[in-house]
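Undergrad: No sequence on hand, only this structure:
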């Protein structure tokens, strides 16, 4: 565990550093392989940029709506750089909204855009557990297995390492150069990746020691992962066998 | 009937059924939920107890404040973000001290010196209670790796949040204090 890297007088948050590194590697990988999916690197960067800006503004606005009192007394804090004043889920929703609004206004086919962003997401899925390992978050439940790690007062399952290894395996399976868009429907690459990621999260949550619990011990993240898995499997079925003429049209448009 | 049944993708249904069964198997047992949280300096766990000294030489324990929400702020007089953060902490203390909120500004005295600490208190006109951690016991117990570090501890003695580094904005401290008070039923 290394939450802070002390470089002279500066305390650098290792967690944020790993996420930034993941973002950079992921975007580079997405850029390298986006052309084969009918998107130029400029279009990809513009989409990612607007989604990030939209996500940040949305996260701050959502936080502001939750705690208006704190900002009324200190209005300058609205532009504070403190990440603690961001609402993550508000940010994700805003980023998705911006993506959905932005993509159709440019000649970016939505499903192909999702395919192009998949390598970025795959790398972020490795970066997130590694950043959790640095900060000690997302820790495992107590165990006596030989590969346990000593964290927060006891030997625990190294869940952050399990999650990072599983994400690496998924990245290898979904390595962009191995997945040509020939004989594939637009969106198939993204939703297959999402299905596998959700299935992995559902499985690995069992080893976590910090799960949010509801209804007599049920782990809420597993239920969310199951819902995502079911939705992705259904979308995959629809994408592979489009019945409606509109979908066929969209599909053709996505293929360029 | 048979034809429509054939259309059901068996593999997908199998995966979802297995997933649902796994959720059931993964349920957290009741006895685990009722277990007391170990005392470690991280959110969700019980806050470790420690003893510090006031400027006047009296000793105080964290456990003396059990039942009240507590903000623990580790600082040093030479640390620029601590200096930048302290006025905000002072304003929060002035505003919330009558609600039952306890703020302990713990000076890392093993990395500081007493005359500088006293100058700091005078310079900022501090009324936030300042405590001295002479041998670094409290800092070590809380694994303080950077200054300032702030712990937000609930009335139940469990750590609700940790902020490593600073300076924290007044809005950040206010939001976390409001959460502490709300969970303690004091607001």
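TA: It's in. Nothing here was measured: the structure is a model prediction, and the numbers come from that model. Residues are numbered from 1 along each chain as shown, chains lettered A, B, ... in the order given.
Undergrad: Would you check how far apart the one residue in the stretch 51-200 of chain A that gets nearest to chain B and residue B:66 are?
TA: Nearest residue of the stretch 51-200 of chain A to chain B: residue A:77, at 3.4 Å (C-beta to the nearest C-beta). Using the backbone N, CA and C atoms, a C-beta is placed for each residue, glycine as well. Distance, residue A:77 to residue B:66, using C-beta to C-beta, to the nearest Å: 32 Å.
Undergrad: Quick check on these two: which one has the bigger neighbour count.
TA: residue A:77 (21 against 14; other C-beta atoms under 10 Å in any protein chain shown).
Undergrad: Surely the more buried one is in contact with residue A:71?
TA: Yes. With contact defined as C-beta atoms under 8 Å, residue A:77 reaches residue A:71; the gap is 5.7 Å.
Undergrad: Quick check: neighbours shared by these two?
TA: residue B:171 (C-beta atoms under 8 Å, 6 or more residues apart in numbering or on different chains).
Undergrad: which residues touch the residue of the stretch 51-200 of chain A closest to chain B?
TA: A:70, A:71, A:85, B:169, B:170, B:171, B:172.
Undergrad: can you give me the helices in chain B?
TA: Ranges of helices in chain B, per DSSP state H, are B:2-7, B:10-25, B:30-34, B:80-96, B:114-124, B:137-141, B:170-183.
Undergrad: In JSON lines, list those helices along with mean neighbour count and distance to residue A:217.
TA: Shown next, in JSON lines, are the helices of chain B (neighbours: other C-beta atoms under 10 Å in any protein chain shown; distance: least, C-beta to C-beta, whole Å):
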{"stretch": "helix B:2-7", "mean neighbour count": "7", "distance to residue A:217": "35"}
{"stretch": "helix B:10-25", "mean neighbour count": "13", "distance to residue A:217": "10"}
{"stretch": "helix B:30-34", "mean neighbour count": "9", "distance to residue A:217": "7"}
{"stretch": "helix B:80-96", "mean neighbour count": "18", "distance to residue A:217": "36"}
{"stretch": "helix B:114-124", "mean neighbour count": "14", "distance to residue A:217": "49"}
{"stretch": "helix B:137-141", "mean neighbour count": "19", "distance to residue A:217": "32"}
{"stretch": "helix B:170-183", "mean neighbour count": "21", "distance to residue A:217": "22"}
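Undergrad: now chain B, which segments are flagged as low pLDDT?
TA: Residue ranges of chain B with pLDDT under 70: B:1-8.
Undergrad: Which single residue in it comes nearest to chain A?
TA: Closest residue of chain B to chain A, C-beta to the nearest C-beta: residue B:171 (3.4 Å).
Undergrad: Tell me the secondary structure at the nearest residue to that residue once chain neighbours are set aside.
TA: Once flanking residues are discounted, residue B:171 sits nearest to residue A:77: 3.4 Å by C-beta to C-beta, 6 or more residues apart in numbering or on different chains. Assigned state for residue A:77: helix (three-state reduction, DSSP: H, G, I helix; E, B strand; the rest coil).
Undergrad: what pLDDT does residue A:247 get?
TA: Here the pLDDT value assigned to residue A:247 is 52.
Undergrad: Next, the contact list for residue A:115, please.
TA: With contacts defined as C-beta under 8 Å, 6+ apart, the neighbours of residue A:115 are A:37, A:181, A:186, A:187, A:188, A:189, A:190.
Undergrad: tell me which element it is part of?
TA: Per DSSP states H and E: residue A:115 is located in helix A:110-135.
Undergrad: Close to chain A: what parts of chain B are there?
TA: For chain B, the residues in contact with chain A (C-beta under 8 Å from any C-beta of the partner chain) are B:9, B:12, B:15-16, B:19-20, B:22-23, B:25-30, B:32-33, B:38-40, B:42, B:44-45, B:80, B:145-146, B:163-165, B:168-172, B:174-175, B:178.
Undergrad: about what we covered before: for the contacts of residue A:77, which one is nearest residue A:229?
TA: Comparing those against residue A:229 with C-beta to C-beta places residue A:85 closest, at 32.8 Å.
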